[in-house]
Every structure is written in structure tokens, then in C-alpha cells.
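In: show me the folded form of this:
(chains A and B)
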Amino acid sequence: MITFMNNSDSEEEPCNERTSLMSAESPPVPSYQDGLQASEAGEAQAHRKRRAGSSRGPNSIAGGQTSGSGVPVRESALENEEEELTLKYGAKHVIMLFVPVTLCMIVVVATIKSVRFYTEKNGQLIYTPFSEDTPSVGQRLLNSVLNTIVMISVIIVMTVFLVLLYKYRCYKFIHGWLILSSLMLLFLFTYIYLGEVLKTYNVAMDYPTLFIVIWNFGAVGMICIHWKGPLQLQQAYLIMISALMALVFIKYLPEWSAWVILGAISIYDLMAVLCPKGPLRMLVETAQERNEPIFPALIYSSAMMWTVGMAKTDTAARGPSQQTWDAAEDGRQHLRSPSHAESQMSEARNPVPTRPVTSLEELEEEERGVKLGLGDFIFYSVLVGKAAATASGDWNTTLACFVAILIGLCLTLLLLAVFKKALPALPISITFGLIFYFSTDNLVRPFMDTLASHQLYI
Amino acid sequence: PAFGLFIFTIARDPLRIIILIAGAFFWLVSLLLSSLIWFIAVKASDPQDERLQKGLLIFGVMFSVLLQEAFRFLYYKLLRKAIEGLVALSEDGCSPISIQQMAYVAGVGFGLMSGAFSMINLLADALGPGTVGIHGDSQLYFLTSAFMTMVLIFLHTFWGILFFHGCEHRRWWEIVAVVIMHLTVSGLSFCNPLYVGSLVPSYLLMAAAAAWAYLLSGGSAQNLRRFLLCKC
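Out: Model (predicted):
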């Protein structure tokens, strides 16, 4: 029997530099994704039963493999029921994640295609000190690898730093850091973005209007992300800042470095989450031990959460989750004592809520949402955006990468349902995306172009 | 119209969306492999020889069609396994989605992807300035491309249904018929720019496939009449 953790963590610190001339703060850290909240060791067992059961035919549902006596059958029936619900909601969760990822990618691609600014090369970040304008291929490759090493080491250092801070309970520092970086993102980057978009469409806007717009946008964003706010608004803001971040990356990372970095980050993600001494895994475990949620500004969650523990800065993603009951729809906000929502669903897992829930305890059980780290959003969007920006096959390649990433996300969620612990969301999707990008760009494009020129259809 | 299909019938149910995307993915992989083959063939041959290139292109197209059908078959296998899993999971012993729905969604997935790949660069170029057919090519290029793409998307949908039905009931002739139809349609597109030769038969084939799929899915003339009468 395997025990499963139900928490995972994703973190990223928004990057704060703009050009190589500004001082840098924390770079983003890759993130991994959180699991479905309802999991139990029993479910894995039931899951395994299901897998075996499917080869025996659809009739051996509950208790096919158990001894057949009353109690185990009932138990496995219960587990099976829970398992079904998990997997039934599984498809829904996948969609709940598809939609924001798609939205983010759409925003990034739309911006890249229309606004010239993000495809011009205006310098590099100080995290990628080696230039790619060298004459020879070998030199360029070497430079990109060196850039990658620098970037990854910066990320590792930052992650370890964050984990140490978390371990030693320097919460204020972490929160201050997060608040500062999200402030920067929300105000500065939005200002730049808005400026460029207005420039592209030749729309004039005077400074006072601009100031008011950006101030409102930024202030509401800060409140939504770090404090309480309607779920959809929070999700929208998280998508916006991921898109902004991704755009910054697309602009400032040189070509080959970007691809190598994407590859290296997926490997790093894999290791950081799965190795026992990996920083991200330690973060998750520590958070679980203390029954606290992970920093709200770093994770996208698709369902609501009650505030737990750290009352000050928790983002309560308030608002009805999709499998709701009317009771929950009031958006009740209670501060709960530590046994809930994310980490302790296992205890509260009693009869699965298929009937209308009225009591508060049962309300907890429904907070099943899947959480995905913002870093994942960012890197997916970077991949698709780069494909849109640099591929000469334009839309075909972009579309191919998009589908590849979505499939990768599906597979990752499937694995999550199987393993029920924190999993890195980056590797599978990014691998698929990279494979599809390079192959579509080099192989499919000439084929399709030739077909289109003769107007042949396959 | 394909988008309309998507919104009205698929977007509601998350499981269908997943199947759709997976279908698109399979089509993409098949395209990848076939273009790999074509690419190798082209690289290995003489780029100056026109006839050879054209021949290679035809070969590439046919091969791609065959690969697509092969991938449809693989996808069918995968969906069968998935359905068994879903059935085992569900409460009342029957799966939340039937194999026919899956067939339909898979067909739409294939179709959408193939349509997207055929049309989207065209659309992007169409947004820009330019005149159609300025070098003596047909002026109806965009229109016919649009129609052809639409017919292909629909055909993929119907082929999906027919194919899965054939696999379910082990009627090999249905599967062979689908493959032959696909080859025919692709072959017909070689007649371009003589559009009469390619568009009209394609539409006829599509009507035939539509009727066949409809009958297979349990519809009948009576159902159709009732449906139309109820509405108006």
C-alpha cells in the first residue's frame, strides 16, 4: 500500500527585471501541481482494482477482488464510490485546468502576433549573460547552454532560499517578497504592456486616464490575489500576470537559450519534485506538516478553498466550486481550525457528497479543485508564444504545440489521479511541446506548404 | 459549421472535450509521421525533377491517408480500453459516454485538426493585402478551399462514426469502405484547380456518408420526419 500526499505546491516568484540595466529580484521558480484534494490510500487500491477489473469485464465493480465477505465489500464499495467520484470529477477538473491554460496561451499568442514590441530584441536579462549573436553555430550552442546553466542555478538558489525561509517560519519576509513582486508585475508590466498595445493600435490615451486605469487594475489585482476576492476574478488576474510574465520571457530570452532553458527546467522540475531532497518536495512536506496552504499568490486553483491557518494573507478563493451545493454558494467564509480543505481531506472523507450538503463539515469535502502552479502557466505560454513568434510555419506550429501541451496536461492529471501526490506538471507537456514544435516546424511545414500550393487535401 | 458542432454538442461535457483533443492529437501524430516519410523521400530524391516531385507528393498524400486511418484504428483501441475503465467505475454499470458518442467526437477531433491545418495559414494570409489568383490561378481559391475544408471536416466526422461502427461489429467491409472513400476524396483533390472534378464528388460522397452514418446511429427516415415536423 502506498501512502499518498495530497498536497503539492507550486511556487514561482515573478521576475522583476526588465532590461539588463535594472536590478533583479526573484526569478520565477518552476512549479508543480497539486493533486486532487480527495485522495486516500484506499482510492489507490480501488483504482488498482478498477484497472484489474477492466480486464475482467465491466461487471466486477465493487468487491471483485476482495474476499467477498461483507465488510470488505462494503469498504471497497465505499472506496470505489469515492474513486468514481474522483475520476468522474477528474474530467471536470481537467477541463477546469484546460480553460485557463488555453486562455493564457491565447492572450500570449494574440499579443505576440499583433504587438511588435515583444518580438524585437532589445537586450537580454542579466540572467542570460551570454549573447547569441556569435558567428559560429558551436559558439552559439555553447552560449545558450551556459545561459541555461546560469538561469537554472539562479532558480535553484532562489528556491532553496524560499524553502529555508519557509522552514524557519520567516513568513513576513516571504509575504513581503511576494507582495513586492506581484506589485511590480501588476503595475510596471501592465503599464508597459498597455503602452505597447496602445501604440500598436494607434490609440491615444492621456496620462490621467492611464493612471486611473492602471491604478484600479493593480489595486484590485493585489486585493484579489493576496486577500479575498471572487474566484473568477482571482483566476483572471492570475492568468493575466502569467501572460505578462511569459511575454517578458519571450522578449528577453534569446532563441536557442529559450529552448534549452525550457528543456532544462522540465528536468529540474522533475527532480525538484520527485527527489526526496528536492526543495519543492520539502516545501510541500513542510506545508503539509503544518497544515497550511501554500502561498496563494503562486498557485492557480480551480475551486474554492476555505481559509486555513494563516488568516492574514490567505487567498481565499471564495466562490462556488462547480460541484456545488446551494449551501456553499453563499460563499461562506469561515476561518477554520486546522483540519481542512487541502491537507486533511482524508479525514473528512466520509460519505461522499452526492446528496445536498448542509453541514459545515461536509462542505469541506467538496473543495476538490486541482491546483496548478503559476510557473507552469508561464512556461507553457512561453513555449507556445515562442512557437508563434519564431516559427516560420506560424499557425500550424502554434496549433500543434497547443494541442501537445494540452495532451501533456491531460496525461499529467491522469498520473496525478493515479499517484495522488504532488507531481511536476512541466516535464510531460514541455517534452511533447518541444517535440511537436521542432518536428512540425521542420517536417510538417514543407509538406503542408506543398500540399496547399497544389490545393491537395489529405 | 464545424465550430458550431463543437459548441453545441461537445463543449458541454468535459469528457468529450478530452476525447476531442486526444483525437486531434492522434491526427497530428499521424500527420507528423507521414510528413517525416515524405520529407525523407524528398531529400533522398532529385529536387529538380518535376514529375518525380509530383509523384512523390502523390505518394505522400496516399501514405498520409493510410496513416490517418491507421491512427484512427489505434485511437479506437484506446477508446475501447477507456470505456471499459469508465464502465467499471461508474455507479450503474454503464459508461457515461457511449461508444457512438465517442466515435462522433473522435471524428470531429480528427476533422477539426485536419481542417485547421489546411485552412489556418490561408486564413491568416487572407487577412492581409493581396489579390487572389493574380498569377493566373483560379480566383476562387479561397472559396473553394473553404468549401473543401468544410467537406473534409464533415467527412472525417462521418468516417469516425462508420469506422468505429465497423470495428465494433467486426464488419471489415465498412472499414475498407471508409479507407477507400478517404483515398478517393484525396485523390479527387488532385483534380484541382478543376474544381468541378473535386468539389462535387466530394459533396456527393459526404451526403452518402452522412446518410449511412445516420442510419447506423439508429436514425431512420421516420425519425427525421418526426424531428422536422416537431420543429415546425
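
In: give me phi/psi at A:Lys228?
Out: Backbone torsions for A:Lys228, taken as degrees, to the nearest 10, come to phi -110, psi 150.

In: and it, how many neighbours does it have?
Out: Using other C-beta atoms under 10 Å in any protein chain shown, A:Lys228 has 16 neighbouring residues. (C-beta placed from N, C-alpha, C; glycine too.)

In: same check, this time on A:Pro135
Out: Here the count is done by other C-beta under 10 Å, and A:Pro135 has 7 residues near it.

In: same question, the one 10 residues further on
Out: Neighbours of A:Val145 under the rule other C-beta under 10 Å: 16.

In: list the contacts for it?
Out: If you count contacts by C-beta atoms under 8 Å, 6 or more residues apart in numbering or on different chains, A:Val145 has them with A:Val260.

In: please identify the helix or strand for it.
Out: For A:Val145, the host element (DSSP states H and E) is helix A:137-167.

In: likewise A:Val203?
Out: Following DSSP H and E, there is no helix or strand that holds A:Val203.

In: how much space separates the closest residue to B:Leu33 other than its chain neighbours from B:Tyr75?
Out: Leaving aside its chain neighbours, B:Leu33 sits nearest to B:Leu67 (5.8 Å; criterion: C-beta to C-beta, 6 or more residues apart in numbering or on different chains). Distance, B:Leu67 to B:Tyr75, using C-beta to C-beta, to the nearest Å: 12 Å.

In: so for the two, which sits in the more crowded spot?
Out: B:Tyr75 (26 against 20).

In: what sits against the closest residue to that one other than its chain neighbours?
Out: Excluding its sequence neighbours, the residue lying closest to B:Tyr75 (C-beta to C-beta, 6+ apart) is B:Phe26, at 4.7 Å. Contact analysis of B:Phe26 by C-beta under 8 Å, 6+ apart lists B:Phe71, B:Arg72, B:Leu74, B:Tyr75, B:Gly109, B:Phe110.

In: swap in A:Ser114?
Out: Shown in contact with A:Ser114 (C-beta under 8 Å, 6+ apart): A:Val197, A:Thr200.

In: buried residues in the helix holding A:Val145?
Out: Using 16 or more other C-beta atoms under 10 Å in any protein chain shown as the test for burial, helix A:137-167 gives A:140, A:143-145, A:147-148, A:150-152, A:154-155, A:158-159, A:161-163, A:166.

In: burial of B:Ser114, as a residue count?
Out: With other C-beta under 10 Å as criterion, B:Ser114 counts 23.

In: quick check: what element follows the helix or strand hosting it along the chain?
Out: B:Ser114 is located in helix B:99-126, with elements delineated by DSSP H and E. Counting by DSSP H and E, the element after helix B:99-126 in chain order, helix or strand, is helix B:141-168.

In: which SSE is immediately downstream of the helix holding A:Val145?
Out: Counting by DSSP H and E, the next helix or strand C-terminal to helix A:137-167 is helix A:171-184.

In: state the mean pLDDT of stretch A:188-197.
Out: What stretch A:188-197 shows for mean pLDDT is 85.

In: A:Phe419 and A:Ala425, how far apart?
Out: The gap separating A:Phe419 from A:Ala425 is 13 Å, by C-beta to C-beta.

In: so which helix or strand takes in the nearest residue to B:Met113 once chain neighbours are set aside?
Out: Leaving aside its chain neighbours, B:Met113 sits nearest to B:Ala24 (3.9 Å; criterion: C-beta to C-beta, 6+ apart). Using DSSP H and E, B:Ala24 sits in helix B:14-44.

In: A:His93: how many residues sit nearby?
Out: Residue neighbour count, defined by other C-beta under 10 Å, stands at 26 for A:His93.

In: cool, and A:Val101?
Out: The local packing of A:Val101 (other C-beta under 10 Å) involves 24 other residues.

In: ok, now A:Val382?
Out: Using other C-beta under 10 Å, A:Val382 has 26 other residues around it.

In: try B:Gln101
Out: 19.

In: and for A:Leu270?
Out: A count of nearby residues for A:Leu270, using other C-beta under 10 Å, gives 19.

In: the helix holding B:Ser114 vs helix B:141-168, what angle?
Out: Taking axes from the mean of the first three to the mean of the last three C-alpha atoms, to 10 degrees, one finds helix B:99-126 and helix B:141-168 inclined to each other by 160 degrees.

In: pLDDT of helix B:99-126, averaged?
Out: For helix B:99-126, the per-residue pLDDT averages 72.

In: buried residues, that helix. List them.
Out: Under the neighbour-count criterion of 16+ other C-beta under 10 Å, helix B:99-126 has B:99-122 buried.

In: nearest spatial neighbour of B:Ala106, skipping sequence neighbours?
Out: B:Ala106 sits nearest to B:Gly23 (C-beta to C-beta, 6+ apart), 4.3 Å away.

In: one more: B:Trp173?
Out: Nearest to B:Trp173 is B:Gly166, by C-beta to C-beta, 6+ apart, at 7.6 Å.

In: what's the answer for B:Leu79, then?
Out: Excluding its sequence neighbours, the residue lying closest to B:Leu79 (C-beta to C-beta, 6+ apart) is B:Met102, at 5.1 Å.

In: got the contact list for the one you found?
Out: With contacts defined as C-beta under 8 Å, 6+ apart, B:Met102 is in contact with B:Ile19, B:Leu79, B:Ile83, B:Phe164.

In: ok, back up a step: ok, then the element right after the helix holding B:Ala24?
Out: Counting by DSSP H and E, what follows helix B:14-44 is helix B:50-89.

In: helices or strands next to that following helix in the packing?
Out: If you count contacts as 3 or more C-beta pairs under 8 Å, 6 or more residues apart in numbering or on different chains; DSSP states H and E, helix B:50-89 packs onto helix A:41-56, helix A:70-114, helix A:445-454, helix B:14-44, helix B:99-126, helix B:141-168, helix B:172-188.

In: and of these, who's closest to A:Leu409?
Out: With distances scored as C-beta to C-beta, the stretch of these nearest to A:Leu409 is helix A:70-114 (6.3 Å).

In: among the contacts of B:Phe26, which pair sits farthest apart?
Out: For the contacts of B:Phe26, the maximum inter-member distance is 13.4 Å, found between B:Leu74 and B:Gly109 (C-beta to C-beta).
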